[in-house]
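Colleague: give the three-dimensional model of this entry:
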Amino acid sequence: MSRSSRSLLLSTLAGVLFATTPVSAETGVTDKSILFGQAAALEGPAAALGTGMKLGIEAAFNEANSKGGVAGRRIDLISYDDGYEPGKSIMQVKRLIRDDKVFALIGPVGTPTSAATQPIATEENVPFIGPFTGAGFLRDPALKNIVNVRATYAAETETWIRYLHDEKGMDKIAILYQDDGFGRVGLAGVEAAMKKRGLELVARGTYQRNTTAVKSALLQIRKAKPQAIVMVGAYRPIAEFIKVAHQINVDAEFVNISFVGSKALSQALGADGDGVIVSQVVPFPWDETIPLVREYQAALKAVDASAQPEFVTLEGYIVGRLTVMALEKAGKNVTRASFLNTIWNTGTFDMGGIKLTFGPGDSQGMDDVFLTEIQPDGSFAPVANTN
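Modeller: Numbering: from 1, shown residues only. I've put the predicted structure just below:
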């Protein structure tokens, strides 16, 4: 066979192979599905947060799948427990990225766990969507793979001090915080808000993550006779603190960060919850005048008929809805890069009464913070607008 004949044959074979072999899709994307991965606390003292985010995301994905998915593809979620521990979270994120080959990570829970796993996602160019934390480092404009939904902890703590000092005239404020990156971010926010007003904390108390050992901190704080105790922690240790505080007649206003898990805290407190304040970063889950909330309630019931509306699942649903909307806009040939670029370039996502807005150097969709108060029956009511 002549050289020219061999070249013609090889070209023909290459053409046949190219025509019959499917072009490889982006990692986590097939003709039938797009796979997302979640590493979050599904067991242990922070379990209600991880399971709540998971359920909310599943509600949004199920809603889309029931309508045919996105560009003919199902949206699937695989979730692993990280126990709210950084080391375990690293292991699970590596498993999701390298073994399960997910398209993106979604709904991680916590500051210490996100601090441990975000660098892995960034190095691997994997989208890191809707972390359940208000830590400022995740808003760094240099981190192009992170999509935040909620307001920062700094915004929440500013709202606390504005309410307690500017509106209620309190100046003797103490803090209980989880002794890790999460708690220290909250502490810094409180101290900044108080310094702006010429104030200092009258007492500080800490506890260790994934424990309920709060009595020493309570006894230390009680000595200062605070008018209010602001709290940066998860629901089980916070509930223990408030219950024991009531038993020893600590007369103070208790104010909690959104991460606490409002429904779980209310349930854990029972009658001791009356009057406890929690700041929120998503709309009121029972406000049916908001189209998004009505759709969330229906989607939640469709995926779990026994589920009741609450703040954590609503946040998960918003994260899931944003993901679905971005996938729809990115189109059939979606890649990780085009998915992220769609979010940055679209700017505003209108979800029906709620808008998420992104822009150059702005990876956070919502800025709203409002206060709620636990009622005698365990339900929640908004505190008068403090914005």
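Colleague: count of residues packed around the closest residue to Gly353 other than its chain neighbours?
Modeller: In this structure, Gly353 finds its nearest non-sequential neighbour in Ile290, 3.9 Å apart by C-beta to C-beta, 6 or more residues apart in numbering. Quick note: C-beta positions are derived from backbone N, CA and C, even for glycine. A count of nearby residues for Ile290, using other C-beta atoms under 10 Å, gives 17.
Colleague: tell me who's in contact with the residue lying closest to Gly273 once chain neighbours are set aside.
Modeller: Excluding the flanking residues, the one nearest Gly273 by C-beta to C-beta, 6+ apart is Ile374, at 4.1 Å. By C-beta atoms under 8 Å, 6 or more residues apart in numbering, the residues touching Ile374 are 265-266, 269, 273-278, 380.
Colleague: where does the stretch 251-387 of the chain have low pLDDT?
Modeller: 384-387 (pLDDT under 70).
Colleague: again, only using 90
Modeller: Applying pLDDT under 90 to the stretch 251-387 of the chain flags the ranges 359-361, 384-387.
Colleague: could you list everything the residue nearest to Gly273 pairs with in the sheet?
Modeller: Legend: beta-bridge partners of Ile374 under DSSP bridges are Phe380.
Colleague: now the nearest residue to Pro108 once chain neighbours are set aside: how far from Lys94?
Modeller: Of all residues beyond its chain neighbours, the one nearest Pro108 is Pro131 (4.8 Å), with distances taken as C-beta to C-beta, 6+ apart. Distance of Pro131 to Lys94, given as C-beta to C-beta, to the nearest Å: 17 Å.
Colleague: so which of these two has more stuff around it?
Modeller: Neighbours were counted for Pro131 and for Lys94 using other C-beta under 10 Å; Pro131 has more, 27 against 14.
Colleague: so who does that one touch?
Modeller: Taking C-beta under 8 Å, 6+ apart, one finds 107-109, 114, 118, 138, 146, 148 in contact with Pro131.
Colleague: helix, strand, or coil at Leu77?
Modeller: Recorded secondary structure, Leu77: strand (DSSP: H, G, I helix; E, B strand; the rest coil).
Colleague: right, and it touches Phe61 too?
Modeller: Yes: with contact defined as C-beta atoms under 8 Å, Leu77 counts as touching Phe61 (5.9 Å).
Colleague: the more surrounded of these two?
Modeller: Set Leu77 next to Phe61 and count neighbours by other C-beta under 10 Å: Phe61 wins out with 26 against 20.
Colleague: ok so, going back, and the residue nearest to Pro108, what pLDDT?
Modeller: Per-residue confidence (pLDDT) for Pro131: 98.
Colleague: which residues touch stretch 324-331?
Modeller: For stretch 324-331, contacts defined as C-beta under 8 Å, 6+ apart pick out 34, 60-61, 63-64, 70-71, 75, 334, 338-339, 342-343, 346, 349, 351.
Colleague: can you rerun that using 10 Å?
Modeller: The contact list for stretch 324-331 (C-beta atoms under 10 Å, 6 or more residues apart in numbering) reads 29, 34, 60-61, 63-65, 67, 69-71, 73, 75, 103-104, 127, 129, 147, 334, 336-346, 349-351, 356.
Colleague: which of these are buried, as a PyMOL select command?
Modeller: To isolate the buried members of the contacts of stretch 324-331 in PyMOL, using 16 or more other C-beta atoms under 10 Å:
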select buried, resi 29+34+60+61+63+64+65+69+70+73+75+103+104+127+129+147+334+336+338+339+340+342+343+344+346+349+351+356
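Colleague: mind checking which of the contacts of stretch 324-331 land in strands?
Modeller: 34, 75, 104, 129, 147, 349-350, 356 (DSSP state E).
Colleague: thinking again about what came up before, so which of the contacts of Ile374 are in helices?
Modeller: 265-266, 269 (DSSP state H).
Colleague: disregarding residues adjacent in the polypeptide, which is nearest to Gly189?
Modeller: Thr157 (3.3 Å).
Colleague: neighbour-wise, give me the winner out of the contacts of Pro131.
Modeller: Neighbour tally across the contacts of Pro131 (other C-beta under 10 Å): the maximum, 31 neighbours, falls on Val109.
Colleague: next one: that residue, what pLDDT does it get?
Modeller: The model reports Val109 with a pLDDT of 97.
Colleague: give me phi/psi at it?
Modeller: Here is the backbone geometry of Val109 (degrees, to the nearest 10): phi -120, psi 120.
Colleague: show me the contacts for it.
Modeller: Val109 touches 38-42, 46-54, 82, 84, 89, 131-133, 234, 259, 261, 312, 316, counting by C-beta under 10 Å, 6+ apart.
Colleague: same check, this time on Leu218
Modeller: 176, 205, 207, 229, 240-242, 244-245, 247-248, 250.
Colleague: of these, just say which sits nearest to Gly365.
Modeller: Closest to Gly365 out of the contacts of Leu218 is Leu176 (29.6 Å), distances taken as C-beta to C-beta.
Colleague: now, of the contacts of Leu218, which are buried?
Modeller: Buried among the contacts of Leu218 by 16+ other C-beta under 10 Å: 176, 205, 207, 229, 240-242, 245, 250.
Colleague: Arg150 versus the residue nearest the centre of the chain, what's the distance?
Modeller: The chain has Phe132 as the residue nearest its centroid, 1.7 Å off, counting by C-alpha atoms, centre = their mean. According to C-beta to C-beta, Phe132 and Arg150 sit 8 Å apart.
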